[in-house]
Structure formats: C-alpha cells, structure tokens
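Enquirer: predicted model follows, preceded by the sequence.
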Amino acid sequence: MTKRIVVTGIGATSALGGTAPENWANLLAGVSGTRTLTHDWVAEHQLPVTFAAEASVRPEEVLPRHEAKRLDPSVQFAMIAAREAWEDAGAPDVAPERLGIDWATGIGGLWTLLDAWDTLREKGPRRVMPLTVPMLMPNAGAGNLSLYFGAKAFARTVVSACASSTESIANAYEHLQDDLADIVIAGGAESAIHPITMASFASAQALSRRNDDPQHASRPGAIDRDGFVMGEGGAALVMETEEHAKARGAKIYAYVVGGGVSADSYHITGNDPEGHGAARAVEQALAQAGASPDEVTHINAHATSTPVGDPNEYGALRRVFGDRIDEIPVSATKASTGHLLGGTGALEAVFTILALRDRVAPPTINMTEPDPAVPFKLSGETQPLGDGPQLAISNSFGFGGHNAVVAFRSYDG
C-alpha cells in the first residue's frame, strides 16, 4: 500500500534570508541576493568574476562559536536549516531508531580542505587540525545532523552535483514508503564561494561575467543570459507519513508524491541536448505520483541562466508536456538566490511547497528579452495558480549527467 507522505517542517538560509519565511518573502518581492564580493582574495587572485550570492545571515551569527569552529561552513548551513525545519515541525517526539537523515551536498567541505592545505604548506603538519577529515568529508552534514537530532534509523548522503538535494528528497520519500523511519530530515547545503571554484567555473565559461551589474547577472530564459551566479546556503524538509503527522497534531504544508532520478550518460558537464534523461526523471516522478502531465500546474525549473542549459531543459520538458509546457506557470528562482549547487534543489523544493500553499508562482527576476528558444511561461511578477488541487514539480540537473525531479501536491485538509 502506498503511504501518503507529507512535509511538516521547512527551513532555509540563503542570500535571500536566514529563515524560510524571509527567503519566501524576499523571493516574492523580487529581491536579488547577488552582490559584489568584498573579500581580499578576489583581487589577490585576480578573479574574472567578482560577485556571488553569499548567504545574507552568516552562520557565526546563528551558531555558538564553539560549535561553528568544529563544522565546515557547508555543515554550518545544514545545521541552521535543519534546526529551523525541526522547530517548525514542532520538534516531534520520535524514537531515535525511527528518525532518519537523507542529506546532500555537491562538493562537501571545500573550505576545510583548502584551508588545511594552506596550513600544511605554510606552517607544517603539526598545525593541521585533527578534525580536518571529519570536517571535510562529504557525509559530515548527515553525520552531524544525526548526532544533533539523535537520528539512528540511518544517516545517508547523496553527492550528485547540482541534483544532490532533490535526489535526497526523492530518497526520503522512498525510505518512508519502505517503513525505514517515521520521520526523515531531508535536504542539502553548500558553501563553495571560494577562489578555486569561482576561478574554475569561470574558466569553464559557466559563470556570468556581469561584474558591473551583479544584481541583474542571473537571467534565466533571457536572450542575453551569459551564465549562472554562485550561491550558498542550505534548506531542509521534515517529512513523515500523513498518519504519523496527524497522530501528533502536526501542521502539514504539502504532500510529497513522487521522485524521479535518471542519468544522461552523455557528457561529464553538459546535459543531453535531446533531453531524454531529464524527461525520464520527470516521467518517473509523475508515475510515482500516479499523475499525468496534464495535472501539473506549476514547475520550479532548474534554469541556471546558462546559454545551453536553459533551452535543453525546455526541450526536455516539451518531451513530457508537449505544447502545454508553454501554458504552465514556471519559476526560475536561481535568478534571485544564485545557484547553491548541491543545496539548490532543497531550497527550490521549499519554494515549490510554499507556492502550492499560497497558490502563487514566484517571480523570475531579471527578465529582459525572452529567448525564443526558451519560451517558458516565466514572469517578472507573481503568477496565480488558481483554486483547487495543485500539482508541482521541481527539477535539478547536475554535472555527471545526474537528473532528479520531485513532485508535490497541495494539502487542502
């Protein structure tokens, strides 16, 4: 028997705000989180891109100092988002053996790794911190969340580039279906605004170079888009069965009704221009939801603002929805938040859930002249979703050919 899985708590920290409500309010208001970087290392390394979407509330403003210094910044963001989601869910009383963690990152403890390398070169091996490996390992987010919340059912980690945290949500759905836990904390986080990643993404011609106008640099669907904007932060969902949630009197945001995961097997960085893999992930999510493409009323697109990625996503969705893709309200929220890499899918899942709750598709800022090759129904204003039941999908695609899609239904109980 298929269980009904619900979201009872959300948390988020990004360039738009330090909490999920702040992120949502600023997203709806059309705020851009992108700013010129003020770090000395920008000029020191002569970086060709001098801006990014840094988290607006720094982790050290939220976490106790003794805790923060033992965590890589990516895990600091994980802690902040997951704690907010847990409190939002009512800090449920659950047996440790029935609480699981499905967490994700795209890169992991980048800052810890490279800071340790600098310390080794400059000061020698005795000065390298003994906690370096536990801090840099990609599973540090899942491990530390498990320790903090006392989660003993499992603590699993997904690392599939920019599809990571969407895949973690799809996994959590299946783990709840399989009765491996009563509650799962799912999501992802990333902190990769670092000289090496900024330089390497710029070298790959993936980043926008609008140094003179950073707030308008990310332009998904626009004909003059020139790349994505690096972002950082994290987001978390508390997921459980509807039966479990109602038994404890929890508020419910939305149903998680399915997920799809596929691989392109096409190119290590580029996605399949024919969109076969991405389309299959959408179809899998809808099949698991027991839904047809005609039922979808909103899409949060991956839409990174790269010249090649945006039209490829449009082509993939056209395979699934046909001409109707031009009628579905679509939001490309990376225009506001930047691209959080492994954390971006979870943040966009939060936005998709709130879009269903409030019956509104958030705006896509920085829309200048639309690209005829990307004729999504994007708008610089909010788009109403109407009354009645709603079904939405959120897409994430990553280097390595990873595709992940998760589907949500509105909760009207």
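Expert: Perfect, thanks for sending it.

Enquirer: give me the neighbour count for the closest residue to R359 other than its chain neighbours.
Expert: Spatial nearest neighbour of R359, excluding adjacent residues (CB to CB, 6 or more residues apart in numbering): L385 at 4.5 Å. Backbone N, C-alpha and C define where each C-beta goes, glycine included. Using other CB atoms under 10 Å, L385 is surrounded by 18 other residues.

Enquirer: now the one 3 residues further on
Expert: Other residues near G388 come to 9 when the count uses other CB under 10 Å.

Enquirer: swap in I299?
Expert: Counted with other CB under 10 Å, I299 comes out at 27.

Enquirer: and it, what's its pLDDT?
Expert: pLDDT, I299: 98.

Enquirer: likewise for D412?
Expert: pLDDT recorded at D412 is 87.

Enquirer: which residue is the nearest non-sequential neighbour of it?
Expert: Distances taken as CB to CB, 6+ apart place P389 nearest to D412, at 6.9 Å, with adjacent residues excluded.

Enquirer: just the pLDDT for the one you found.
Expert: Here the pLDDT value assigned to P389 is 95.

Enquirer: what does A186 give?
Expert: The score at A186 is 99. That number is its pLDDT.

Enquirer: one more: M1?
Expert: pLDDT, M1: 59.

Enquirer: and what of the one 3 residues further on?
Expert: You'll see R4 listed with a pLDDT of 98.

Enquirer: separation between S165 and I299?
Expert: 17 Å (CB to CB, to the nearest Å).

Enquirer: and G234, by the same measure?
Expert: Where I299 is concerned, G234 sits at a distance of 23 Å (CB to CB).

Enquirer: do the same with T119
Expert: 45 Å.

Enquirer: for W103, same thing?
Expert: Where I299 is concerned, W103 sits at a distance of 25 Å (CB to CB).

Enquirer: equivalent analysis for H194, please.
Expert: Counting by CB to CB, the gap from H194 to I299 is 31 Å.

Enquirer: where in the chain is pLDDT low?
Expert: Counting by pLDDT under 70, the chain shows low-confidence ranges at 1.

Enquirer: and the strands in it, which stretches?
Expert: Using DSSP state E, the strands of the chain run over residues 5-13, 35-36, 51-52, 99-104, 154-158, 183-190, 233-241, 254-263, 298-300, 330-331, 360-361, 383-384, 391-398, 402-410.

Enquirer: what is the fourth one packed up against?
Expert: If I follow you right, that is strand 99-104. When contacts are defined as 3 or more CB pairs under 8 Å, 6 or more residues apart in numbering; DSSP states H and E, strand 99-104 packs onto helix 140-149, strand 154-158, helix 164-177, strand 183-190.

Enquirer: can you rerun that using 10 Å?
Expert: helix 73-88, helix 140-149, strand 154-158, helix 164-177, strand 183-190, strand 233-241, helix 344-358 (3 or more CB pairs under 10 Å, 6 or more residues apart in numbering; DSSP states H and E).

Enquirer: of all the ones you listed, which one is nearest D115?
Expert: helix 73-88 (10.3 Å; CB to CB).

Enquirer: what's the angle from the closest one to helix 140-149?
Expert: With axes from the mean of the first three to the mean of the last three CA atoms, to 10 degrees applied, the angle from helix 73-88 to helix 140-149 works out at 40 degrees.

Enquirer: then helix 73-88 to CSV, C-alphas only?
Expert: As requested, the backbone C-alpha atoms of helix 73-88 are provided in CSV (Å, rounded to 0.1, in the frame of the first residue of the first chain):
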residue,chain,number,x,y,z
PRO,A,73,30.7,26.2,6.5
SER,A,74,28.6,23.8,4.4
VAL,A,75,27.7,21.9,7.6
GLN,A,76,27.0,25.1,9.4
PHE,A,77,24.3,25.9,6.8
ALA,A,78,23.0,22.4,7.2
MET,A,79,22.6,22.8,10.9
ILE,A,80,20.9,26.1,10.6
ALA,A,81,18.3,24.9,8.0
ALA,A,82,17.6,21.6,9.7
ARG,A,83,17.1,23.1,13.1
GLU,A,84,14.7,25.6,11.7
ALA,A,85,12.8,22.9,9.9
TRP,A,86,12.7,20.7,13.1
GLU,A,87,11.3,23.5,15.2
ASP,A,88,8.8,24.4,12.5
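
Enquirer: now the angle from that helix to strand 99-104?
Expert: 140 degrees.

Enquirer: can you pull the buried residues of helix 73-88?
Expert: For helix 73-88, the neighbour count (16 or more other CB atoms under 10 Å) marks 73-86, 88 as buried.

Enquirer: I am finished for the moment; much appreciated.
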